[in-house]
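**Q** generate a structure from the sequence data that follows.
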Amino acid sequence: ILSLPQDRSAFDALVRGDHDLPSRAAALSSLIDRRLVIFRQALASSPGNRAAILESGKETMDEIRAQIASMDQVVSQRLSDAKQRARSAVLAALLSAVGGLLLGILAGLIGIRTFVGGVVRGVRINTDNAERLARGESLEDPPDGDDEIGRSGRALISASERLAERERTIRENADLLRLI
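**A** Coordinates of the predicted model:
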């Protein structure tokens, strides 16, 4: 009983700022004040009157318990709602992370496919050009780029031009030899 005023102050501070609990806390404070009055009356009364006074105190105590249970139900529901919102937020964050991961993997695969497609296309052009060169046919344009594939494609073109020049030189020399 001695610490009751401090406990009530702490309790009031907990419910302050809430839209519903302060009115319930005020009703509870009123019931507690009534219970304290009854308790003091019981202490001051004769032993014969105490039973009736304590019975009145029991009814007040039942009201206090009901009020506390009502407040507990409100707080428990709020806590349950907050937990549900937290679960939903965690689920949304998890789905966002998984979605971002999947999008990242998809973007990576598209990038790899694009890169590999470019490499394969360049290698295919160089292979076709090498086969044309072996058959003595004209070559396609080499693959673009300053990488190994582009440089080897340009080297094939250069080799084709040199071979064509040498063939012309050989033909010209052969024609000159026939004339002599």
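**Q** give me the longest helix you can find in this protein.
**A** helix 47-135 (DSSP state H).
**Q** how far does that helix sit from the chain's center?
**A** 8 Å (CA atoms, centre = their mean, to the nearest Å).
**Q** ok, stretch 156-164 next?
**A** 57 Å.
**Q** in it, what counts as buried?
**A** 156-157, 160 (16 or more other CB atoms under 10 Å). Every C-beta, even on glycine, is put in place using the N, C-alpha and C of the backbone.
**Q** quick one on the thing from earlier: helices and strands around whichever helix or strand comes after the longest helix of the chain, which ones?
**A** Proceeding N to C from helix 47-135, the next assigned helix or strand is helix 148-179, under DSSP states H and E. In terms of contacts (3 or more CB pairs under 8 Å, 6 or more residues apart in numbering; DSSP states H and E), helix 148-179 is packed against helix 47-135.
**Q** the helix it packs on to helix 148-179, inter-axis angle?
**A** Interaxial angle, helix 47-135 versus helix 148-179 (axes from the mean of the first three to the mean of the last three CA atoms, to 10 degrees): 0 degrees.
**Q** using PDB, write out every CA atom in stretch 125-133.
**A** Extracted C-alpha coordinates of stretch 125-133, given in PDB (Å, rounded to 0.1, in the frame of the first residue of the first chain):
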ATOM      1  CA  ILE A 125      32.300 -16.100 -88.800                       C
ATOM      2  CA  ASN A 126      36.100 -16.800 -88.300                       C
ATOM      3  CA  THR A 127      35.500 -20.600 -88.900                       C
ATOM      4  CA  ASP A 128      33.500 -19.900 -92.000                       C
ATOM      5  CA  ASN A 129      36.100 -17.500 -93.300                       C
ATOM      6  CA  ALA A 130      38.900 -20.000 -92.700                       C
ATOM      7  CA  GLU A 131      37.000 -22.600 -94.700                       C
ATOM      8  CA  ARG A 132      36.300 -20.100 -97.500                       C
ATOM      9  CA  LEU A 133      40.000 -19.200 -97.400                       C
END
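**Q** what comes up buried for that stretch?
**A** 125-126, 129-130, 133.
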